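Participant: attaching a predicted model along with its sequence, questions to come.
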Amino acid sequence: MAITRLTDIITVFDSKWTYGDVKFGYDGEVNQDHDTQYPLMLVNPPESIIPDIYDGREEYSFEVNFYNLYSQAAQSVVTLQKRWDNLQDLSNEWMDMVLKNYQDVTVEAYLNDESIEIERIKDTNNDKLVQIKLVFTMSAFTKCFRPVSNYPSDFADLVVWLRADSGVTFDIPTKRVSAWSDSSGLGNNVAQSIKITQPLRYGYGGQNDKSYFSFDGVNDSMRSNSNSPITTDFTIFEVSKIDSNSENVFGWNNGAASISIGTDANGYFSTLVSDGVISLSKNTGVVNIGSNHIGILKKSNESIDLEYYDASNSITRTYNDSDFDNSYPFNTAKFDIGLINASQFLRGQLQEVIIYNRALSSNEIADVRGYLNLKYKIY
């Protein structure tokens, strides 16, 4: 029985680390073949071969190490503290997702009280790395711990969740991204097979030193593998930095009908939803190019709400038109990342895109926005 539970726990550990490579082994084996995709999670085998069992409760002591690059060049633009902080953020999010997995399933697990130890280490193993060492004891079968953070997956009708720190297929030397997996669980992935039009993925250096995609504004873009999962009402969140006028983060169009999120000709952050005849459009009225921000577009019946947040601005705008066809479905064509109408490409950085197939409530929007701001420290 103990071996079965240990296997289950390791499987969960592996599945919840989506930010880079994961290995089950020992510290000395880090990047032996020099082909590691960072950030790396290394799970050391538990010290005890057969864990202690108390009245059906199994107890395992783990040492889990997290690694990321910290090259000489990086030291001039980001502090060691920031690189450690962001690696610890990923380890905390991973742990939260592991614990969420055991909330309502047959195999239950929790962290033993006061069992977590954290150590920060620099310049380890075969690379110039920063390391977080997480030591903890986990017991199976009894619930007593509950995670408290809100994540996009906690809210119904999540249909697309694209994160620059997770589910990315890219060439390590060139950084060119060929595929980006949807974390919603619905498989609404995006991809780009043409190398010269692939954006670049960086594991650090974005807003709050987080991972980001770099789009060149010339021809970089990605397209969904299947049609848009949006029907009539929806809510879209994006975290990006748009560097020029008339550029686009998210785009969908089928003939005259379209959805776009980006900047307009004046450099204002702008959103638009069209049913092919009537357009619902709103902008911030403030020049927003070059600003790391959270942008939100909600469409509900014949109305759209725009929300925009950066270090200096907190803007909310609403527009409605009773003539808008509020039954028009937006699932008849594929959607694009970094492009609209084959012309308005994105020049800048993109870190996250989240889409719900309904109009979220104001409280739900605040919770998702809170998750994004906690992660990226926008305002």
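Facilitator: Nice, I can see it. Please read all numbers here as calculations on a predicted model, not as lab measurements.

Participant: ok, now which ones touch the nearest residue to residue 196 once chain neighbours are set aside?
Facilitator: Distance criterion CB to CB, 6 or more residues apart in numbering; nearest residue to residue 196, sequence neighbours excluded, is residue 219 at 6.8 Å. Backbone N, C-alpha and C define where each C-beta goes, glycine included. Going by CB atoms under 8 Å, 6 or more residues apart in numbering, residue 219 touches 196-197, 345.

Participant: those, buried ones only, as a ChimeraX selection?
Facilitator: A single ChimeraX command selects the buried members of those (16 or more other CB atoms under 10 Å):
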select :197,345
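
Participant: helices along this structure, start to end?
Facilitator: Under the criterion DSSP state H, helices of the chain are mapped to 2-16, 80-101, 362-376.

Participant: need the winner for burial among those.
Facilitator: Of all the helices of the chain, helix 80-101 has the most neighbours on average by mean count of other CB atoms under 10 Å, namely a mean of 18.

Participant: which secondary structure elements does that one contact?
Facilitator: Secondary-structure packing of helix 80-101 (3 or more CB pairs under 8 Å, 6 or more residues apart in numbering; DSSP states H and E): helix 2-16, strand 57-69, strand 109-111, strand 117-122, strand 129-140.

Participant: between these, which gets the lowest average pLDDT?
Facilitator: Here the helices and strands packed on helix 80-101 differ in mean pLDDT, and the lowest is strand 109-111 at a mean of 61.

Participant: let me know the pLDDT of residue 330.
Facilitator: At residue 330 the predicted local distance difference test score is 97.

Participant: surely it touches residue 259?
Facilitator: Yes. Judged on CB atoms under 8 Å, residue 330 makes contact with residue 259 at a distance of 6.1 Å.

Participant: joint contacts of those two?
Facilitator: With CB under 8 Å, 6+ apart, residue 330 and residue 259 have common neighbours 230, 252.

Participant: hang on, the earlier thing: least reliable of the helices of the chain by average pLDDT, please.
Facilitator: helix 2-16 has the lowest average pLDDT among the helices of the chain, namely a mean of 77.

Participant: just to revisit the earlier point, rebuild the helices of the chain as CSV, extending it with distance to residue 321.
Facilitator: Formatted as CSV, these follow (distance: least, CB to CB, whole Å):
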stretch, distance to residue 321
helix 2-16, 44
helix 80-101, 40
helix 362-376, 22
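
Participant: for these, which one sits closest to residue 296?
Facilitator: Of all the helices of the chain, it is helix 362-376 that lies closest to residue 296, at 6.4 Å by CB to CB.

Participant: who does that closest one touch, helix- and strand-wise?
Facilitator: strand 234-242, strand 292-300, strand 303-309, strand 347-356.

Participant: can you do 10 Å?
Facilitator: helix 80-101, strand 234-242, strand 292-300, strand 303-309, strand 347-356 (3 or more CB pairs under 10 Å, 6 or more residues apart in numbering; DSSP states H and E).

Participant: and the shortest one, average pLDDT?
Facilitator: Which is strand 303-309. For strand 303-309, the per-residue pLDDT averages 98.

Participant: partners of that strand in the sheet?
Facilitator: For strand 303-309, the paired strands and their directions (DSSP bridges) read strand 292-300 (antiparallel), strand 314-320 (antiparallel).

Participant: deepest in the core, which of these is it.
Facilitator: Among those, highest average neighbours (mean count of other CB under 10 Å) belong to strand 292-300, with a mean of 23.

Participant: show me the strands in the stretch 201-350 of the chain, by range?
Facilitator: 212-216, 222-224, 234-242, 248-254, 257-263, 268-274, 279-287, 292-300, 303-309, 314-320, 335-337, 347-356 (DSSP state E, counting those that start in this stretch).

Participant: so which elements touch the first one?
Facilitator: If contacts are counted by 3+ CB pairs under 10 Å, 6+ apart, strand 212-216 sits against strand 177-180, strand 200-202, strand 234-242, strand 347-356.

Participant: neighbouring strands - and their directions - for it?
Facilitator: strand 200-202 (antiparallel), strand 347-356 (antiparallel).

Participant: circling back: wait, which of the helices of the chain is closest to residue 43?
Facilitator: helix 2-16 (5.6 Å).

Participant: helix 80-101 and that closest one, what's the angle between them?
Facilitator: 130 degrees (axes from the mean of the first three to the mean of the last three CA atoms, to 10 degrees).
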